[in-house]
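K.L.:
predicted model follows, preceded by the sequence.
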Amino acid sequence: MKSLLLLVGMLVAPAFAATSANIAFSSDYAWRGMTQSDGPAMSGGFDFKAENGFYAGIWGSNVNFNDGAGSELDYYAGYTFSLGEIDVDLGYVAFDYPKNTTGLDFEEYVLGLSYGDFNLTLADDIDDSDLYTQISYALELINQQGSLGEMVFSYGDYQNYGENFVVTYSFSCGSFDCGLMYRDFTGETDSAGTYLYGPNEDGLIFSISASL
């Protein structure tokens with residue numbers, strides 16, 4: 001599937017309206033409220049977007065799961081369109097962990113629905129059917145001088161893993177984009193009280209990024 005995505009990207013690239021690249025540094029890489037790097041992370045990727053709504057890209061970061069996995073590569077593609085006032089995003093994501101031998105790789109189908117500042121995301125693991133559901137609300141902060149940035153409040157429920165509450169503040173810092181994230185993850189437990197994935201986590205994360 002990942003090779004197919006790259007092939008499709010090469011075939012349709014001449015018709016794309018925009019291509020971009022990004023690079024970022026963060027004090028931690030957190031995904032769905034859970035740390036993935038257990039410390040500082042460098043990440044970056046490439047995106048392709050067409051005027052007809054098709055998009056594709058690749059993104060990577062260092063990770064640390066204490067099991068040999070040292071990097072993550074995500075391959076994704078999808079199609080966006082509108083149904084009246086509702087924006088729809090149909091996507092596919094492949095999560096790849098090179099050189100890992102414990103079978104961490106997985107794939108998801110993703111459905112995103114947006115109405116105004118509200119967003120609903122459903123992501124379904126193709127192999128294990130672990131459903132992730134997230135709702136979020138974006139609030140732009142404005143004063144008389146203009147925009148002060150954007151705050152996003154989100155709540156997510158990841159089946160067999162746990163729940164997360166995340167508040168993100170994004171703002172411009174000179175020529176870069178900066179962000180502060182507070183995350184709170186509550187791990188799911190079995191009947192004996194044992195965590196299915198891992199213990200509870202929380203913390204504040206700072207990030208700085210640039211787009212080309």
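P.N.:
Done, it's in. Residues are numbered from 1 along each chain as shown.

K.L.:
worst-scoring helix or strand of the chain, pLDDT-wise?
P.N.:
Within the chain, judged by mean pLDDT, DSSP states H and E, the helix or strand with the poorest mean is helix 2-12; its value is a mean of 49.

K.L.:
next SSE downstream of that helix?
P.N.:
Scanning forward in sequence from helix 2-12, with DSSP states H and E defining helices and strands, the next element found is strand 16-26.

K.L.:
that following strand pairs with which strands, and in what direction?
P.N.:
The strands that strand 16-26 pairs with in its sheet are strand 41-50 (antiparallel), strand 201-211 (antiparallel) (by DSSP bridges).

K.L.:
and that strand, average pLDDT?
P.N.:
Along strand 16-26, the predicted local confidence has a mean pLDDT of 89.

K.L.:
wait, what's in contact with the residue nearest to I23 when sequence neighbours are not counted?
P.N.:
Residue nearest to I23 in three dimensions, not counting chain neighbours: G44, with 4.0 Å by Cβ to Cβ, 6 or more residues apart in numbering. All C-beta atoms are positioned from the backbone trio N, CA, C, and that covers glycine. With contact set as Cβ atoms under 8 Å, 6 or more residues apart in numbering, G44 has these partners: 21-24, 59-61.

K.L.:
which one of the strands paired with strand 16-26 lies closest to L122?
P.N.:
Between L122 and the strands paired with strand 16-26, the shortest separation by Cβ to Cβ is 21.9 Å, and it involves strand 41-50.

K.L.:
show me which positions of the closest one end up buried.
P.N.:
Judged by neighbour count (16 or more other Cβ atoms under 10 Å), strand 41-50 contains these buried residues: 41, 43-45, 47-50.

K.L.:
run the chain-centre distance for it.
P.N.:
Taking the mean of its C-alpha atoms, strand 41-50 sits 11 Å from the chain's own mean (Cα atoms, centre = their mean, to the nearest Å).

K.L.:
average pLDDT across that strand?
P.N.:
The predicted model assigns strand 41-50 a mean pLDDT of 96.

K.L.:
likewise for stretch 166-173?
P.N.:
In this model, stretch 166-173 has an average pLDDT of 96.

K.L.:
could you do stretch 142-155 as well?
P.N.:
Averaging pLDDT residue by residue across stretch 142-155 gives 89.

K.L.:
now do that stretch: distance to the chain's middle.
P.N.:
With Cα atoms, centre = their mean, you get 20 Å for stretch 142-155.

K.L.:
pLDDT score assigned to the residue sitting nearest the centre point of the chain?
P.N.:
When the chain is reduced to its mean C-alpha position, the closest residue under Cα atoms, centre = their mean turns out to be W31, at 6.7 Å. At W31, the model reports a pLDDT of 97.

K.L.:
contacting residues for F25?
P.N.:
Shown in contact with F25 (Cβ under 8 Å, 6+ apart): 40-43, 207-209.
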